[in-house]
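J.: Next come a sequence and a model predicted from it.
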Amino acid sequence: MTAVAAGASTRARARLAPYLYVLPALLLLGLWNYYPLVYLIHLSLHRLGASAPMPRWVGLTNYRELFANPLFWRVLGNTAIYTGLVVPLSIGLGLALALALDQRLRGARLLRTLLYTPVVLPTVAGATVALWIFNTDYGLANYLLGLIGLPPIGWLTDSEYALGSLIAVGVWKTFGYFMLVYLAALQSLPQSVLEAARLDGARPWDRFWSVTWPLLRPTTWFAIVIALILSFQAFDFVNIMTQGGPSNATNLLVFYVYQNGFQYFRLGFAGAIAVVMFVLVYTLSGLISLWYSR
């Protein structure tokens with residue numbers, strides 16, 4: 001019995017040893033990933049800022065104040081419009097270009113490089129170019145409108161057009177990434193299945209809809225989740241191009257967090273906004289994952 005018990009103990013230690021080796025790294029990783037989230041929730045339950053330099057427990061007061069603020073709902077609506085347009089447009093454009101560039105075309109490699117360039121272009125440089133393009137007085141967009149006899153538009157100064165201009169810039173900055181993702185997925189598809197569909201007489205659209213598109217399902221799930229997260233992180237272009245204006249027409253959730261935290265020094269209130277934004281992103285990502293796992 002003693003020998004059997006000793007053997008069982010040795011086997012148990014052998015099974016446990018790999019987990020003990022990686023435990024320090026897992027603890028550090030968990031601390032790095034989850035401590036900021038825990039502290040953010042803790043911060044959102046306190047009053048902290050210029051008027052209250054020491055944290056003071058207020059419970060859910062920041063959340064009640066947030067949901068009662070009309071500006072929050074305006075910002076949430078702006079974010080919904082921005083996300084609801086940037087995500088499908090950037091993914092759809094990326095997929096269309098990937099399908100086109102997956103063919104044996106002269107200069108296809110050069111086109112891929114040019115179309116991917118906005119992804120690696122520094123945000124400040126991209127925002128500077130966009131500011132020039134959409135400038136009301138001497139921008140390229142209004143210059144082109146003038147060539148066809150149309151009046152200039154306040155792309156970034158008119159509430160009717162400002163959010164649309166940011167959406168265009170957001171799509172321009174991200175579609176190249178999804179083009180590359182879909183291009184890699186297309187080139188890894190089983191060619192035997194596609195060839196069998198072609199030999200059976202399936203037309204190009206039928207081959208895409210019945211064969212290619214279902215095989216791209218995991219890639220599409222990945223693309224939607226990444227595009228969703230990127231759309232909620234759209235801070236740089238807002239900060240550089242519009243500062244949330246005019247009249248909060250381009251104020252998005254992430255910029256609203258920045259405003260309250262680092263301009264108005266309402267850190268507890270900003271923490272509540274950040275927690276709401278995290279819950280939204282996490283919930284939407286989870287719903288998308290459930291939908292694609294069916």
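T.: Everything's here; your move.

J.: Just give the nearest non-adjacent residue to Leu76, would you?
T.: Leu253 (6.7 Å; Cβ to Cβ, 6 or more residues apart in numbering). The C-beta positions use only the backbone N, C-alpha and C, and glycine is treated the same way.

J.: Correction: the previous question concerned Phe255.
T.: Per Cβ to Cβ, 6+ apart, closest to Phe255 is Val238, 4.6 Å.

J.: now do Tyr116
T.: Spatial nearest neighbour of Tyr116, excluding adjacent residues (Cβ to Cβ, 6+ apart): Gly176 at 4.2 Å.

J.: what about that neighbour, helix or strand, and which?
T.: helix 159-187 (DSSP states H and E).

J.: before we move on, back to that, how near is the residue nearest to Leu76 to Gly139?
T.: 28 Å (Cβ to Cβ, to the nearest Å).

J.: Counting neighbours, go ahead and name the busier of those two.
T.: When Leu253 and Gly139 are compared for neighbours, Leu253 comes out ahead with 25 against 19, by other Cβ atoms under 10 Å.

J.: how much space between that one and Leu287?
T.: Using Cβ to Cβ, Leu253 is found at 18 Å from Leu287.

J.: Gly94 and Ala184 touch, don't they?
T.: No: contact between Gly94 and Ala184 fails when scored by Cβ atoms under 8 Å: they sit 11.4 Å apart.

J.: quick one: which of the two has more around it?
T.: More neighbours surround Gly94 than the other of Gly94 and Ala184, with 24 against 11 (other Cβ under 10 Å).

J.: Mind telling me what element the more buried one is part of?
T.: Assessed by DSSP H and E, Gly94 sits inside helix 70-101.

J.: Determine the set of other helices and strands touching that helix.
T.: On a contact count with 3 or more Cβ pairs under 8 Å, 6 or more residues apart in numbering; DSSP states H and E, helix 70-101 meets helix 108-120, helix 159-187, helix 217-232, helix 253-258.

J.: Which of the ones you listed has the lowest mean pLDDT?
T.: Among the helices and strands packed on helix 70-101, helix 108-120 has the lowest mean pLDDT, at a mean of 87.

J.: So which elements touch the lowest-mean-pLDDT helix or strand in the chain?
T.: Counting by mean pLDDT, DSSP states H and E, the chain has its least confident helix or strand at helix 191-199, which shows a mean of 76. In this structure, helix 191-199 makes packing contacts with helix 204-207, judged by 3+ Cβ pairs under 8 Å, 6+ apart.

J.: Format the CA atom coordinates belonging to the helix it packs on as PDB.
T.: Coordinates of each C-alpha in helix 204-207 appear next as PDB, following Å, rounded to 0.1, in the frame of the first residue of the first chain:
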ATOM      1  CA  PRO A 204     -18.800  32.800 -60.300                       C
ATOM      2  CA  TRP A 205     -21.500  34.300 -58.000                       C
ATOM      3  CA  ASP A 206     -22.800  30.900 -57.100                       C
ATOM      4  CA  ARG A 207     -19.300  29.600 -56.400                       C
END
